[in-house]
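**Student:** Quick check, what structure comes out for this input:
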Amino acid sequence: MTDVRDELQARRLDAVRAWTRFVELGDDAEAAVRPEIRRSWELSGSAITYDVAEAPLDDEGDTAAYWLDTPLAVAVGNVESELRRTAEDGDLVIAVTDAETRILWTYGGRVMRRKAESVNFVPGGRWDESSVGTNALAITNRTGDPSMVFSAEHYASMVHNWVCWAAPLHDPVSGEQIGVIDLSTTWDRTHPIGLATARVMARLIETAMPRTRQWADASRAPVPPDEPGLTLSLLGTAEAWLDGQRLLLNRRQTEILALLTMHPEGLSVEQLHAAVYGDQAVTLSTLKAEVSHLRAALGGALASRPYRLMLPVRTDVDEVLALLRRGAVRAAVSAYRGDLLPGTNAPALVELAEFLAVSVREALLARPDPAAVLRYSELAPYDVQVLEVALAALGPRDHPAKPLLKGRLAVAHR
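**Tutor:** Numbering: from 1, shown residues only. Alright, predicted model coming up:
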């Protein structure tokens, strides 16, 4: 036992030395750490400082609502006794995340539970590299491969006393990676079977997951919101809701509403006319009549001179753009339900539709996440380049999405 402890002490010391060289002295530490750790350190260093004290927290209610609407919640509920027993026997904290490395569920042994709470390793905690730096959850979610991070291999010093093992979780129907499971404990309890245990726990959860399409496709259909204000869905099928109630609008009214959400500062009647009709021979009075109907539908919350909306607004277009800015490609593709107002001839909306479509595609070419590419291929089944780039990025390694990507590619080549 002493020999094992000495080996772990020496390994920890090596990790601390390499971390110090990289983080504090600016040395690349190339020969001192595994390539996946060094790559993760580089990503982390461009986003955070090493002295971050805790993970940022998402809203507790939003996280809980999201969790209950996922197949992972069903699966974990089915095998929770096994997960809890594993955590208690090994004094581990076990976590399940979503595809963006937000923790959705945890259970911990007595000691690790307190340690986890102190750094927000709890539901709602964001453990991606841009939030807390190198850790096994983030590496696995980014690469799709099982991973281990030991002691000072973590970028943030707050978890230098930890060791973490993570494995990906896949939807059994689509093959999409929808999160990870992570097992964490203190570095001195490192065990050779830690990574194998994470893989076993992942398979246990995947086996317990519901095997119906409703889970895989649920995020594609607009859901009536329960928040006040205006919610506008423009991607794929257009829908508008005011304070949770669906608005019955015609095509032009929806286009006008979309344009006003793009211009919160307001538009003059001439500017709005050009954005909607371009050089078509349509009178200003026609536009004013549409605006009048729209104002009535909005309960008067549409000002004039200039035309502008006078209430809180949320759109799926803004959601996709915000996710792309964060680099959350998989989530952005999931939120991108199709072309913006397909068939619109409003010049400003045609331009926005092209900008959004190209942005999503370029994001996939830069970061060809297999699950995201599969979702995208449902919308653009003949985009051969995106499929080829995703398969090239996977290389020879096995991945549940690879047969599906090859199938999509074969169909696209027909």
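**Student:** how about the strands in this structure?
**Tutor:** 93-97, 103-108, 147-150, 162-170, 177-186, 230-233, 239-242, 245-246, 302-303, 308-309, 313-315 (DSSP state E).
**Student:** which secondary structure elements does the third one contact?
**Tutor:** It stands for strand 147-150. When contacts are defined as 3 or more C-beta pairs under 8 Å, 6 or more residues apart in numbering; DSSP states H and E, strand 147-150 sits against helix 2-19, helix 136-143, strand 162-170, helix 194-207. Backbone N, C-alpha and C define where each C-beta goes, glycine included.
**Student:** any idea how far the third one is from the chain center?
**Tutor:** It stands for strand 162-170. Centre-to-centre, strand 162-170 and its host chain are 17 Å apart (C-alpha atoms, centre = their mean, to the nearest Å).
**Student:** Quickly run through the sheet partners of that strand, with directions.
**Tutor:** When pairing is defined by DSSP bridges, strand 162-170 lines up against strand 147-150 (antiparallel), strand 177-186 (antiparallel).
**Student:** Report the angle between that strand and helix 194-207.
**Tutor:** With axes from the mean of the first three to the mean of the last three C-alpha atoms, to 10 degrees defining the directions, strand 162-170 sits at 30 degrees from helix 194-207.
**Student:** Over to the first one?
**Tutor:** Here helix 2-19 runs at an angle of 80 degrees relative to helix 194-207 (the same axes, to 10 degrees).
**Student:** Ala390: neighbouring residues, count only.
**Tutor:** 27 (other C-beta atoms under 10 Å).
**Student:** which residues touch it?
**Tutor:** 364, 368-370, 373, 405 (C-beta atoms under 8 Å, 6 or more residues apart in numbering).
**Student:** ok so, going back, same list, the strands of the chain, but as CSV with mean neighbour count please.
**Tutor:** CSV is the format used below for these (neighbours: other C-beta atoms under 10 Å):
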stretch, mean neighbour count
strand 93-97, 26
strand 103-108, 22
strand 147-150, 25
strand 162-170, 26
strand 177-186, 26
strand 230-233, 22
strand 239-242, 20
strand 245-246, 11
strand 302-303, 16
strand 308-309, 17
strand 313-315, 17
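**Student:** For those strands, give me TSV that also has mean pLDDT.
**Tutor:** Output for the strands of the chain, formatted as TSV (pLDDT from 0 to 100):
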stretch	mean pLDDT
strand 93-97	97
strand 103-108	95
strand 147-150	96
strand 162-170	96
strand 177-186	95
strand 230-233	90
strand 239-242	88
strand 245-246	85
strand 302-303	90
strand 308-309	92
strand 313-315	91
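**Student:** mind giving me TSV with these and columns for distance to Asp6?
**Tutor:** Formatted as TSV, the strands of the chain follow (distance: least, C-beta to C-beta, whole Å):
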stretch	distance to Asp6
strand 93-97	26
strand 103-108	28
strand 147-150	16
strand 162-170	17
strand 177-186	17
strand 230-233	60
strand 239-242	64
strand 245-246	67
strand 302-303	73
strand 308-309	67
strand 313-315	57
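**Student:** among those strands, which is nearest Arg295?
**Tutor:** Nearest to Arg295, of all these, is strand 302-303, at 4.2 Å by C-beta to C-beta.
**Student:** on that earlier part again, the strands of the chain: which one's closest to Arg199?
**Tutor:** Of all those, strand 162-170 sits nearest to Arg199, with 4.8 Å by C-beta to C-beta.
**Student:** quick one: which of the contacts of Ala390 is nearest to Thr143?
**Tutor:** Nearest to Thr143, judged by C-beta to C-beta, of the contacts of Ala390 is Asp369 at 9.9 Å.
**Student:** Extract the residue ranges of the protein that are flagged as low pLDDT.
**Tutor:** Counting by pLDDT under 70, the low-confidence segments of the chain come to 1-2, 28-31, 211-226.
**Student:** how's it carved up into domains?
**Tutor:** With domains defined by automatic domain parsing, the chain comprises 2-217, 222-367, 368-414.
**Student:** just these: most buried one?
**Tutor:** Stretch with highest mean neighbour count among these: domain 2-217 (a mean of 19; mean count of other C-beta atoms under 10 Å).
**Student:** just to revisit the earlier point, can I get the contacts of Ala390 in TSV with distance to Val329?
**Tutor:** TSV is the format used below for the contacts of Ala390 (distance: C-beta to C-beta, whole Å):
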residue	distance to Val329
Leu364	6
Pro368	9
Asp369	6
Pro370	11
Val373	10
Leu405	16
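**Student:** Looking at those residues, spot the one nearest Leu137.
**Tutor:** Closest approach to Leu137 among the contacts of Ala390 (C-beta to C-beta): Asp369, at 15.9 Å.
**Student:** nearest spatial neighbour of that closest one, skipping sequence neighbours?
**Tutor:** Arg330 (5.0 Å; C-beta to C-beta, 6 or more residues apart in numbering).
**Student:** if I pick that neighbour, what's in contact with it?
**Tutor:** Contacts were defined as C-beta under 8 Å, 6+ apart; by that measure Arg330 touches 99-100, 369, 371-372.
**Student:** residue contacts, the closest residue to Thr63 other than its chain neighbours?
**Tutor:** Leaving aside its sequence neighbours, Thr63 sits nearest to Gly124 (C-beta to C-beta, 6+ apart; 4.2 Å). Gly124 sits next to 57-60, 63, 102-103 when contact means C-beta under 8 Å, 6+ apart.
**Student:** Next, work out how far apart Gly124 and Trp67 are.
**Tutor:** 10 Å (C-beta to C-beta, to the nearest Å).
**Student:** To Leu324, which of the helices and strands packed on strand 147-150 lies closest?
**Tutor:** Leu324 lies closest, by C-beta to C-beta, to one member of these: helix 136-143, at 16.3 Å.
**Student:** the helices in the stretch 251-400 of the chain, which residues?
**Tutor:** Taking DSSP state H, counting those that start in this stretch, the helices of the stretch 251-400 of the chain run over residues 251-262, 269-277, 284-297, 316-326, 329-335, 347-366, 370-379, 384-394.
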